[in-house]
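J.: Prediction below, plus the sequence it came from.
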Amino acid sequence: MQRLLTGRLGNFVRKAESDPYGFSSNVRAYLNGDLTIIDTIPVDTGGTPFQQAVWNALREIPLGTVTTYGALAKKIGSVARAVGNTNSLNPVGIVVPCHRVIGADGTLTGYAGGLHRKEWLLRHEGVNLEALTTPKTKRPAESHRQGALFET
């Protein structure tokens, strides 16, 4: 983590904070059901202009909905693979909702926190995952209960 942060921020000093700028409280509120609070958290993702374009587009995906990597790429004039690669570098998961991006066939793909967490977040936000899938589509096992967001 130190290496990633240094690469992104340069030299910096970490300070112990219990609730920096109310961020921790806001994320807890989101996890406890105040879903719209995430949209009020200001972020400065840094990154290249392309990365910023992808991350800004992610914040425009409405709560309770999903989009595909291809649709997001089209919106910003790029290709799905580049969008997917940038998603994997998202420095502020949940707040910059990369979990709202799915495969073209409705599958849950590519989430650094694990697909079971992506599934939990989407269900938490009210996404009907069953409506997104076809009989041939494979999704994460149903054994990942809603309460299991942080289980391994």
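T.: That came through fine.

J.: quick one, what contacts the residue nearest to the spatial centre of the chain?
T.: In the chain, the C-alpha nearest the mean C-alpha coordinate belongs to residue 98, at 2.7 Å (Cα atoms, centre = their mean). Shown in contact with residue 98 (Cβ atoms under 8 Å, 6 or more residues apart in numbering): 58, 87, 90, 111. For every residue, glycine as well, the C-beta is placed using N, CA and C.

J.: Would you quantify the distance from it to residue 15?
T.: Distance of residue 98 to residue 15, computed by Cβ to Cβ, to the nearest Å: 27 Å.

J.: what about the strands in the protein?
T.: Secondary structure of the chain by DSSP state E: the strands cover 67-68, 101-102.

J.: can you pull the contacts of the nearest residue to residue 53 once chain neighbours are set aside?
T.: Nearest non-adjacent residue to residue 53, counting by Cβ to Cβ, 6 or more residues apart in numbering: residue 76, 4.9 Å away. If you count contacts by Cβ under 8 Å, 6+ apart, residue 76 has them with 53, 54, 57, 83.

J.: Quick check: which ranges of the protein have low pLDDT?
T.: For the chain, the stretches with pLDDT under 70 are 1, 4-5, 133-152.

J.: Can you list the residue ranges for helices in it?
T.: Secondary structure of the chain by DSSP state H: the helices cover 2-9, 23-31, 49-59, 69-76, 80-87, 115-124, 129-132.

J.: Figure out which of those helices is closest to residue 102.
T.: With Cβ to Cβ, the closest approach to residue 102 among those belongs to helix 129-132: 6.7 Å.

J.: Could I get the CA-only coordinates of that closest one as CSV?
T.: Extracted in CSV, the C-alpha atoms of helix 129-132 (Å, rounded to 0.1, in the frame of the first residue of the first chain):
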residue,chain,number,x,y,z
LEU,A,129,-28.9,-9.2,-10.6
GLU,A,130,-31.2,-12.0,-11.8
ALA,A,131,-32.7,-9.6,-14.3
LEU,A,132,-29.3,-9.0,-15.8
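
J.: coming back round to it: can the helices of the chain go into CSV with extra columns for distance to residue 40?
T.: Shown next, in CSV, are these (distance: least, Cβ to Cβ, whole Å):
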stretch, distance to residue 40
helix 2-9, 23
helix 23-31, 7
helix 49-59, 11
helix 69-76, 22
helix 80-87, 22
helix 115-124, 17
helix 129-132, 26
